[in-house]
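*Asks:* Show me the folded form of this:
(one chain, ligands or ions: 1)
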Amino acid sequence: EEEFTERSQKVQPSATLAVSKKAKEMASAGYDVINLGTGEPDFVTPKNIAQAAISAIESGKTSFYTPVGGTPELRSGIANLAKKLTGQAITANQVTVTSGAKMALYALVQILVNPGDLVVSAKPYWVSYAEQVNLAGGLFEAFSDDSSAGKLTVGALNQLKQTPKLIILNNPTNPSGILYTKDEVQALLDWALEHGSFIIVDEIYGRLVYNNAVFTSALSLKAIAGSRIIVVDGVSKSYSMTGWRMGWAIADETVIQNMNKVLGHMTSNPSAVSQAAALEAVSGDQSVVEEMRRKFEGRLNSTFERIEKIDGIKLAEKPEGAFYFFIQIEDWLLQKMKLDSSAAFAEKLLDDEYVALPAGEGFGMPGYLRLSYAKDQASLDKALDRIEHFIHNA
Ligand code: PLP
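*Replies:* Reported below is the predicted structural model:
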């Protein structure tokens, strides 16, 4: 044990990946498992995007390292897309491209968080925020007040005894699909700037909002130059490109330069082939995003209706973005089933009904399950049938 570092020992394995792993093992052993545990769209990457990668391979764009933060073409393409979506002028030098948004977040935590620094986020939170901060020796704290349905609020920030070095805001959120209003985003940005905190706004699900809800990008509210606002995004979720590992950060040039300094020793550069694909994604036909968004919307609405009808589980509110439900298991149901936690519930659901859902424990909030609707409607319906059956027979 002691041959491995203390910091690596402190890291918890990803709860979402653990459930997926068991589900995959059961599936390969022949069980009819429905895995609603993962955060990956089930659509094939659009053809024009895949074709751009094929062309890059065929024309030999694979035998060199690109600049650390991505090709100038891709950085410009991302800056242009950001301008189109938010109205804010962004330059290529305010962009760095990474091997997935996760790597952008990792590099940011590495350059911003000293041991003992406070980093705050909303609860429930995406697991990797906490573990990336742990790895850097920072202090991760997550808050939500009951009235805010899991949102980070200025009220909660005002109660802190130590000024956070960094605030990590996810909008819309994984795991609960909650969307912050324009005023809420504005207030949090203002608070961060007033207190000298950096604020990362993770907008990876920003284009996946439903039923006419309006997403407000932090970029649309404030200029990036000279500010401590950093926006993280990527192609994984909106273009169904999780396997390509392409994400980015948009920030003041000094932040980008510092990120590139550490990224140069971590990855050298993100995959050249994937960059060619991402360039087509951000600069090509954007209707592919809308097509997938509409499919998610249909699934959200039909699945929501069914969840609402099942006794023993409930939702605080109807999600407006991302592709998850964060479902509360009512206490009486756990008691009736003689289960002492949502993790135990999730395990039994997988064992008895072959439905895989990660439990709330991994998101800092026991008593819940996360259900991803990045899955075809037939599988969703079947999974809901099984969940109903599981609860009715409890
Ligand atoms: N941020 C959030 C909130 C996520 O849910 C994910 C993926 O699950 C990521 C960032 C990272 O995405 P990627 O590394 O695939 O770009």
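*Asks:* So which bits of the chain are right by the ligand?
*Replies:* When proximity is defined as C-beta under 6 Å from any ligand atom, the chain approaches the ligand at 39, 100-102, 126, 170, 174, 202, 204, 234, 236, 242, 247. Just so you know, the C-beta spots here come from the backbone N, C-alpha and C atoms, and that holds for glycine as well.
*Asks:* among those residues, which ones are buried?
*Replies:* 39, 100-102, 126, 170, 174, 202, 204, 234, 236, 242, 247 (16 or more other C-beta atoms under 10 Å).
*Asks:* Show me the two of the residues you listed that sit farthest apart.
*Replies:* Within those, two members stand farthest from each other by C-beta to C-beta: Asn170 and Thr242, at 16.9 Å.
*Asks:* still on that earlier bit, could you pick out which of the buried ones among the residues of the chain next to the ligand are located in helices?
*Replies:* In helices, defined here by DSSP state H, the members of these are 101-102.
*Asks:* Neighbours of Gln9, how many?
*Replies:* Using other C-beta atoms under 10 Å, Gln9 has 9 other residues around it.
*Asks:* Could you do Asn393 as well?
*Replies:* Under the neighbour criterion other C-beta under 10 Å, Asn393 is assigned a count of 9.
*Asks:* got it, and Asn260?
*Replies:* Other residues within reach of Asn260, judged by other C-beta under 10 Å, total 18.
*Asks:* can you give me the helices in the chain?
*Replies:* 6-10, 15-28, 47-58, 72-86, 101-112, 127-135, 154-158, 182-195, 253-266, 272-283, 287-309, 331-336, 342-353, 377-392.
*Asks:* Tabulate those helices in JSON lines, adding columns for distance to Arg228 and mean pLDDT.
*Replies:* What follows is the helices of the chain, written out as JSON lines (distance: least, C-beta to C-beta, whole Å; pLDDT from 0 to 100):
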{"stretch": "helix 6-10", "distance to Arg228": "26", "mean pLDDT": "87"}
{"stretch": "helix 15-28", "distance to Arg228": "30", "mean pLDDT": "82"}
{"stretch": "helix 47-58", "distance to Arg228": "33", "mean pLDDT": "97"}
{"stretch": "helix 72-86", "distance to Arg228": "18", "mean pLDDT": "98"}
{"stretch": "helix 101-112", "distance to Arg228": "9", "mean pLDDT": "98"}
{"stretch": "helix 127-135", "distance to Arg228": "17", "mean pLDDT": "94"}
{"stretch": "helix 154-158", "distance to Arg228": "14", "mean pLDDT": "94"}
{"stretch": "helix 182-195", "distance to Arg228": "6", "mean pLDDT": "97"}
{"stretch": "helix 253-266", "distance to Arg228": "8", "mean pLDDT": "98"}
{"stretch": "helix 272-283", "distance to Arg228": "25", "mean pLDDT": "98"}
{"stretch": "helix 287-309", "distance to Arg228": "29", "mean pLDDT": "97"}
{"stretch": "helix 331-336", "distance to Arg228": "42", "mean pLDDT": "96"}
{"stretch": "helix 342-353", "distance to Arg228": "36", "mean pLDDT": "94"}
{"stretch": "helix 377-392", "distance to Arg228": "41", "mean pLDDT": "96"}
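*Asks:* For Ser121, find the nearest of the ones you listed.
*Replies:* Proximity of these to Ser121 was assessed by C-beta to C-beta; the nearest stretch is helix 127-135, lying at 5.4 Å.
*Asks:* Pull the residues that contact that closest one.
*Replies:* 7-8, 10-12, 14-16, 102, 105-106, 109, 113, 119, 121, 139-140, 142, 168, 170, 362-364 (C-beta atoms under 8 Å, 6 or more residues apart in numbering).
*Asks:* if we go to 6 Å?
*Replies:* By C-beta atoms under 6 Å, 6 or more residues apart in numbering, the residues outside helix 127-135 that reach it are 7, 10-11, 14-15, 106, 109, 119, 121, 140, 168, 362.
*Asks:* Looking at the nearest residue to Ser342 once chain neighbours are set aside now. What's its pLDDT?
*Replies:* With C-beta to C-beta, 6 or more residues apart in numbering as the criterion, Ser342 has its nearest non-adjacent residue at 4.1 Å, and that residue is Ala359. Confidence at Ala359, expressed as pLDDT, is 93.
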